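>>> generate coordinates for the sequence data below:
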Amino acid sequence: MDDDVVPLLEQGFGGAAAEAVGRAGDEDVCHVPILDPAPPAVLDPSPGSVPGMSGSSSRGMRGAAALPETRLMPSDTTDPAPATDGRRRGSSRRSTVALVVGLALAVPALGMGALAWLIAPDPVVTTVVDAQGRETELDWSEHPGRFDLTADESLAGPSLEEGVAEGEEMVDEMKAALTERFSLTWVAPPAGRSDDDVAFPTDNGWGGPSLLEVVNLPTEQTSSVPRSWAEKEAAVAIIGEVAARHGWSEPWFDDERWPQPDADRLAQTGGTTLDEQVVVSGGIEGPTGQWLWFSFQDLSKDDAEGTFAEKSADVADAGWETDTITLSYGADGLLPESRRAEFERRAQQFAGQVLPEAHED
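Prediction:
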């Protein structure tokens, strides 16, 4: 690093220049809350409220290994939901914000070219040696898919058009079965996004664009919620029965799949057991990175101070229900049929290679 760059970074960060922990365009930079401790989780499905289901950093619901951040209505952002699946790789969100703020202050002195150089990720390159001993470098930023789906998986799975159609059909079946059992009324989510806006561009995780698109159907919500835990269990069983007919996984509860300390669970969900919680959420997995997230919010379980009712006031004013069941369908990356031939051509050079780790968020 040039001698005149280091003092500027040290001045901006209050210490020695450090390695960047974020990337240009990282959603965490835009949406990370600065103050701790975090307030209790509230069902806030408004656009931009979800820290991680999909979009360019989406990890969906595959391969969960660690507690994700609270996911609230992933299908109503234009940059979905990660997840939420434990694929976040330990980068410091607080440090990311500090880094970006510091670099922004240094832009006038460094110039935009220097800024881009400082935060650009290292290329991901694999050296391949053929039978004649010739070496070829594969630049994974040119891969047409995603780091969490092999090319074969993407080609074998449903197309974007098929996935969206089947997702809509499955959700409609769930709504009908739940309505028959619990006499529910389904309420349209707030206006502000066309029903046609369900698929969005994404990156491949190695610094390049993907030919796949992430999917987020509009969130479905009811105007009431079953009160007893037995009824909520019955609702989850109905969701699971419909999903099984479509070849999807069994349902899980987030708080069982990703356990957390009681104090954190109480603050985020309103209880330390599923039957006590104000907010209960979970999901199911489908083929090729498809997912469905369900949730219950039941303010009859709120504490004496009305903590969750107070936190829900803003989203209620925006048109979201506060005593509700919600269903949200999405996919981490589906291939539009019109791009299939190009995908096959571009993926050919990567055939047989092990997918490397993606860039850190």
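>>> now do the strands in the stretch 151-300 of the chain.
186-187, 199-203, 209-216, 220-222, 252-253, 279-285, 290-297 (DSSP state E, counting those that start in this stretch).
>>> can you redo those as CSV with mean pLDDT?
Output for the strands of the stretch 151-300 of the chain, formatted as CSV (pLDDT from 0 to 100):
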stretch, mean pLDDT
strand 186-187, 96
strand 199-203, 95
strand 209-216, 96
strand 220-222, 96
strand 252-253, 98
strand 279-285, 98
strand 290-297, 98
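>>> in a markdown table: those strands, plus mean neighbour count and distance to Thr269.
Glycine gets a C-beta too; all of them are placed from N, C-alpha and C. Below are the strands of the stretch 151-300 of the chain laid out as a markdown table (neighbours: other Cβ atoms under 10 Å; distance: least, Cβ to Cβ, whole Å):
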| stretch | mean neighbour count | distance to Thr269 |
| --- | --- | --- |
| strand 186-187 | 16 | 23 |
| strand 199-203 | 19 | 29 |
| strand 209-216 | 24 | 23 |
| strand 220-222 | 24 | 18 |
| strand 252-253 | 16 | 10 |
| strand 279-285 | 23 | 5 |
| strand 290-297 | 26 | 10 |
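>>> tell me which of these lies nearest to Gly157.
The closest of the strands of the stretch 151-300 of the chain to Gly157 is strand 290-297. By Cβ to Cβ, the value is 8.0 Å.
>>> of all the strands of the stretch 151-300 of the chain, which one comes closest to Glu344?
strand 209-216 (10.2 Å).
>>> render the CA-only coordinates of the biggest helix by length in the chain in CSV, please.
Scanning the chain for the longest helix, with DSSP state H as the assignment, gives helix 160-182. The C-alpha trace of helix 160-182 is given here as CSV (Å, rounded to 0.1, in the frame of the first residue of the first chain):
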residue,chain,number,x,y,z
LEU,A,160,-37.3,-19.9,-13.3
GLU,A,161,-40.7,-20.0,-14.9
GLU,A,162,-41.5,-23.5,-13.7
GLY,A,163,-40.3,-22.8,-10.1
VAL,A,164,-42.4,-19.6,-9.8
ALA,A,165,-45.5,-21.4,-11.1
GLU,A,166,-45.1,-24.3,-8.8
GLY,A,167,-44.3,-22.1,-5.9
GLU,A,168,-47.5,-20.1,-6.4
GLU,A,169,-49.5,-23.3,-6.8
MET,A,170,-48.1,-24.8,-3.6
VAL,A,171,-48.7,-21.6,-1.6
ASP,A,172,-52.3,-21.5,-2.9
GLU,A,173,-52.8,-25.1,-1.8
MET,A,174,-51.5,-24.3,1.7
LYS,A,175,-53.8,-21.2,2.0
ALA,A,176,-56.8,-23.3,1.0
ALA,A,177,-56.1,-26.1,3.4
LEU,A,178,-55.4,-23.7,6.3
THR,A,179,-58.5,-21.7,5.5
GLU,A,180,-60.7,-24.8,5.6
ARG,A,181,-59.2,-25.9,9.0
PHE,A,182,-59.1,-22.5,10.7
